[in-house]
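Peer 1: I'll drop the sequence and a predicted model, then ask my questions.
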Amino acid sequence: MSSKNIGAISIVAGTAIGAGMLGLPMVIGSLGFVTGCLAMLVMWALAIFSGLMLIEINLELGSGVNFNHMTREILGRPGQIIATGSVFFLAYCLLVAYMTGMGGIISNALTIDARIGSAAFAIISAIIFFIGTNALVSANKILFIIMLSAMVASFTCLGGHISLQNLNMGTPTPKGLLLALPVLFTSFGFHASIPSVVSFVGENKKSLVTILVIGSSIPGLCYVTWLMLSLGSATPAQLAGMANVDALISLISNGSTWLGRIVSVFAVLALITSFFGVSLGLFDLVAETFKRSNDNVSRAGTSALVFLPPLAASVLAPHGFIAALSHAGAALAVIAIFLPCIMVLKMRSEGKSQQFRAIGGSPAVITSFVFGLVIIAANYL
């Protein structure tokens with residue numbers, strides 16, 4: 001495999017792996033390990049198929065065409081507005097989740113109110129973005145590598161504390177399964193990287209499919225391992241009561257101070273790297289949408305537009321980590337399932353999509369659309 005393909009795989013995997021995995025034990029705990037993994041397998045397959053549809057659209061319109069251009073070209077101005085609005089909603093929901101998660105960890109470490117922790121984290125981040133983003137991008141790459149090392153260390157240490165009996169526990173229910181789907185799908189949210197991957201690799205269809213499958217499988221393997229370790233460290237009843245990251249860390253650490261610190265480092269880095277990545281994308285989107293310049297006054301205003309709305313939400317709902325991730329899953333379903341399904345069906349009906357076609361034909365597209373409806377409906381059960 002070429003170094004270019006390996007680099008593209010790391011883009012897909014790196015975009016998916018992040019804070020979303022921290023919420024998996026909280027929503028899957030009541031289902032049990034086996035049922036949780038099966039549900040994850042279905043969401044993984046759905047994420048791959050939706051990625052294939054985006055590749056189909058991208059190759060038809062031109063290598064590396066962004067999502068905004070895709071929707072405008074195929075669905076017109078209304079489709080573009082829905083797409084842009086969904087991207088905004090997705091980014092804000094994710095930022096709320098990251099702020100509440102960090103607020104809980106800071107609260108636990110410094111014995112302060114979680115809302116103060118969220119506010120401190122948001123203010124510091126806003127100042128960093130106001131100063132400039134070049135250094136941030138470079139630092140985030142280093143932090144991501146450190147995060148992966150911390151994840152391996154956490155997995156290794158937790159391995160000595162699991163109970164196989166806990167893994168066999170769990171009482172799956174239809175409602176519990178449905179509630180887990182939005183967070184599961186959010187954890188495979190690599191779709192924003194597809195245009196960049198196509199632009200980077202070129203129009204080699206076989207390579208693009210391989211990159212998508214391997215790049216999405218790496219997060220899946222990490223998630224299965226994380227679920228085995230976390231679900232094996234606590235009972236389903238204990239996990240069912242979790243509402244934020246700090247409570248999860250305390251639970252699976254089993255009272256061990258040093259283990260709690262190791263897992264906390266991993267959790268903090270996962271939150272920060274994801275937070276900076278999403279914030280950077282939202283910062284650029286706000287600047288582009290509202291045609292803001294790059295002078296100090298404009299950057300300050302853009303920073304406020306990025307950080308104040310999610311900060312307000314995290315202060316009003318300091319334990320809304322899982323709820324925010326679920327709403328993010330609904331927005332991602334619109335972006336990565338609904339709109340691609342509609343665009344693909346429209347292109348095919350017009351005799352296009354000659355470069356590449358996602359497998360399964362129209363039945364697979366319609367099935368994906370139905371799954372998208374289920375993911376969105378799960379937020380309102």
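Peer 2: Now that the structure is in, tell me what you want to look at.

Peer 1: any low-confidence regions in the stretch 51-200 of the chain?
Peer 2: Scanning the stretch 51-200 of the chain for pLDDT under 70 picks out 64, 132-135, 137.

Peer 1: Could I get the full set of helices for it?
Peer 2: For the stretch 51-200 of the chain, the helices defined by DSSP state H, counting those that start in this stretch occupy 67-110, 114-131, 134-158, 164-167, 174-186, 194-201.

Peer 1: Tabulate those (JSON lines), appending distance to Ser349.
Peer 2: C-beta here means a position set from N, CA and C on the backbone, and glycine is covered the same way. Output for the helices of the stretch 51-200 of the chain, formatted as JSON lines (distance: least, CB to CB, whole Å):
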{"stretch": "helix 67-110", "distance to Ser349": "11"}
{"stretch": "helix 114-131", "distance to Ser349": "43"}
{"stretch": "helix 134-158", "distance to Ser349": "41"}
{"stretch": "helix 164-167", "distance to Ser349": "47"}
{"stretch": "helix 174-186", "distance to Ser349": "27"}
{"stretch": "helix 194-201", "distance to Ser349": "22"}
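
Peer 1: Highest mean neighbour count out of the ones you listed?
Peer 2: Among the helices of the stretch 51-200 of the chain, helix 174-186 has the highest mean neighbour count (mean count of other CB atoms under 10 Å), at a mean of 23.

Peer 1: Contacts for it, please.
Peer 2: 20, 23-24, 27-28, 30-31, 35-36, 39-40, 43, 46-47, 94, 322, 325-330, 332-333, 374-379, 381 (CB atoms under 8 Å, 6 or more residues apart in numbering).

Peer 1: Could you do stretch 136-147 as well?
Peer 2: The contact list for stretch 136-147, computed with CB under 8 Å, 6+ apart, reads Gly14, Ile128, Phe129, Phe266, Leu269, Ala270, Ile272, Thr273, Phe276, Gly277, Leu280.

Peer 1: hang on, Gly329 packs against Ile375?
Peer 2: Yes - contact criterion CB atoms under 8 Å: Gly329 and Ile375 qualify, at 5.8 Å.

Peer 1: give me every residue that touches Leu208.
Peer 2: Going by CB under 8 Å, 6+ apart, the list of residues near Leu208 reads Ile55, Val197, Val198, Val201, Phe356.

Peer 1: Tell me the one of the residues you listed nearest Asn5?
Peer 2: Taking CB to CB as the measure, Asn5 lies nearest Val201 of the contacts of Leu208, at 6.7 Å.

Peer 1: ok, now how distant is that closest one from His327?
Peer 2: Distance of Val201 to His327, computed by CB to CB, to the nearest Å: 32 Å.

Peer 1: List the contacts of Ala270.
Peer 2: Contact analysis of Ala270 by CB under 8 Å, 6+ apart lists Ile17, Gly18, Ala19, Met21, Leu22, Met147, Met151.

Peer 1: What of Arg292?
Peer 2: Val286, Ser298, Arg299, Gly301, Thr302.

Peer 1: So the fourth one: helix, strand or coil?
Peer 2: What that stands for is Gly301. Per DSSP: H, G, I helix; E, B strand; the rest coil, the local secondary structure of Gly301 is helix.

Peer 1: Same check on the first one?
Peer 2: Following three-state DSSP, we place Val286 in the helix state.

Peer 1: That one is in contact with Phe307, isn't it?
Peer 2: No - using CB under 8 Å, Val286 makes no contact with Phe307, being 10.4 Å away.

Peer 1: okay, the two: which has more neighbours?
Peer 2: Taking neighbours as other CB atoms under 10 Å, Val286 and Phe307 compare with Phe307 leading, 23 against 18.

Peer 1: just how off-centre is the helix or strand the more buried one falls within within its chain?
Peer 2: Using DSSP states H and E, Phe307 maps to helix 296-316. Centroid separation between helix 296-316 and its chain, computed with CA atoms, centre = their mean, to the nearest Å, is 21 Å.

Peer 1: ok, now which ones touch Met26?
Peer 2: Contact analysis of Met26 by CB under 8 Å, 6+ apart lists Leu239, Met242, Ala243, Leu248, Phe321, Ile322.

Peer 1: That one and Val12: what is the separation?
Peer 2: Using CB to CB, Met26 is found at 25 Å from Val12.
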